[in-house]
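>>> Turn this into a structure:
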Amino acid sequence: MRLDVDRLRRDIVFRERLRDAEFEFRTTWGLFSPRGVDEGSRLLARHLEIHPGDDCLDLGCGYGPIGLVMARCAPAGTTFMVDKDFVAVEYAAENARRNGLENCRALLSNGFDQLPREQRFDVIAANLPAKVGKELLAILLCDARARLRDGGRLYVVTISGLRRFIERALREVFGNYEKVKQGKSYTVALARVAAACGER
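Purely as a prediction, here's the structure:
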């Protein structure tokens, strides 16, 4: 069998419907789930609570499906997408442009370290890999807690086998945990920052 390497080098382009909206994605081999949005991200996208003016963050954005959904749901806010893979960030930025989402920025960042220090968010969402490790998870959750505004929400999706571990971690860092949706293979969890008096 002879591989058609030139064909493999070409970008993959596909369309997906997420949250009742059509998106076009350009991806490449080496990125996570390059031929279609993965089941965990689709579940997370369906269960995010986003208000039109929310400032949002897609943490570990890959080529951007969650960030693009957030940006479309919050047209009056700003959505950041961050990833430590420069290829993923390039494709996330391109996908924001392709879908006309001018309120969306993609940054190369290891977690929160390249985000503007003053930037705070109403919603942070992450599709956490199964092998994230408890040390990195602790850093990410503590940094997320520090970057959320009063009343802010952190959504994470993980394989369902990690749901108890995630519950313990969120309760330790945020003091609360809510199972939003458990699918066949993935679970969406939510933690909140207490709202100041008079805020939503």
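
>>> where exactly do the helices run in this protein?
5-9, 39-47, 65-73, 86-98, 134-147, 163-174 (DSSP state H).

>>> just checking, which of those helices sits deepest inside the structure?
Scoring the helices of the chain by mean neighbour count under mean count of other CB atoms under 10 Å gives helix 65-73 as the most buried, with a mean of 26. Backbone N, C-alpha and C define where each C-beta goes, glycine included.

>>> contacting residues around Ile124?
Cys56, Leu57, Leu59, Ala144, Arg147, Leu148, Gly152, Arg153, Leu154, Tyr155 (CB atoms under 8 Å, 6 or more residues apart in numbering).

>>> my guess is the fourth one meets Arg153, correct?
This means Ala144. No. Ala144 is beyond contact range of Arg153, at 10.1 Å (criterion: CB atoms under 8 Å).

>>> any idea how far the residue most central in space within the chain lies from Arg164?
By CA atoms, centre = their mean, the mean C-alpha position of the chain lies nearest to Asp58, the distance being 3.3 Å. Separation of Asp58 from Arg164 (CB to CB, to the nearest Å) stands at 25 Å.

>>> now do Ala126
18 Å.

>>> likewise Leu68?
31 Å.

>>> and if you look at Phe86?
Distance, Phe86 to Arg164, by CB to CB: 34 Å.

>>> Highest neighbour count among the contacts of Ile124?
For the contacts of Ile124, the largest neighbour count, defined by other CB atoms under 10 Å, is 29 neighbours, found at Leu57.

>>> So it is in contact with Val123, correct?
Yes. Taking contacts as CB under 8 Å, Leu57 lies within contact range of Val123: 7.3 Å.

>>> ok, residues contacting the helix or strand of the chain with the lowest mean pLDDT?
The helix or strand of the chain with the lowest confidence, counting by mean pLDDT, DSSP states H and E, is helix 5-9 at a mean of 75. The contact list for helix 5-9 (CB under 8 Å, 6+ apart) reads Trp29.

>>> Would you tell me which strand is longest in the chain?
In the chain, taking DSSP state E as the definition, the longest strand is strand 148-159.

>>> Sheet partners, orientation included, of that one?
strand 121-127 (parallel), strand 186-192 (antiparallel) (DSSP bridges).

>>> Could you check how far the last one is from the centre of its chain?
This means strand 186-192. 12 Å (CA atoms, centre = their mean, to the nearest Å).

>>> Tabulate the CA atom coordinates of the least confident helix or strand of the chain in PDB.
Provided in PDB are the C-alpha atoms of helix 5-9 (Å, rounded to 0.1, in the frame of the first residue of the first chain):
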ATOM      1  CA  VAL A   5       1.300  11.900   1.800                       C
ATOM      2  CA  ASP A   6       0.400  15.000  -0.200                       C
ATOM      3  CA  ARG A   7      -3.300  14.300   0.500                       C
ATOM      4  CA  LEU A   8      -2.600  13.800   4.200                       C
ATOM      5  CA  ARG A   9      -0.800  17.100   4.400                       C
END
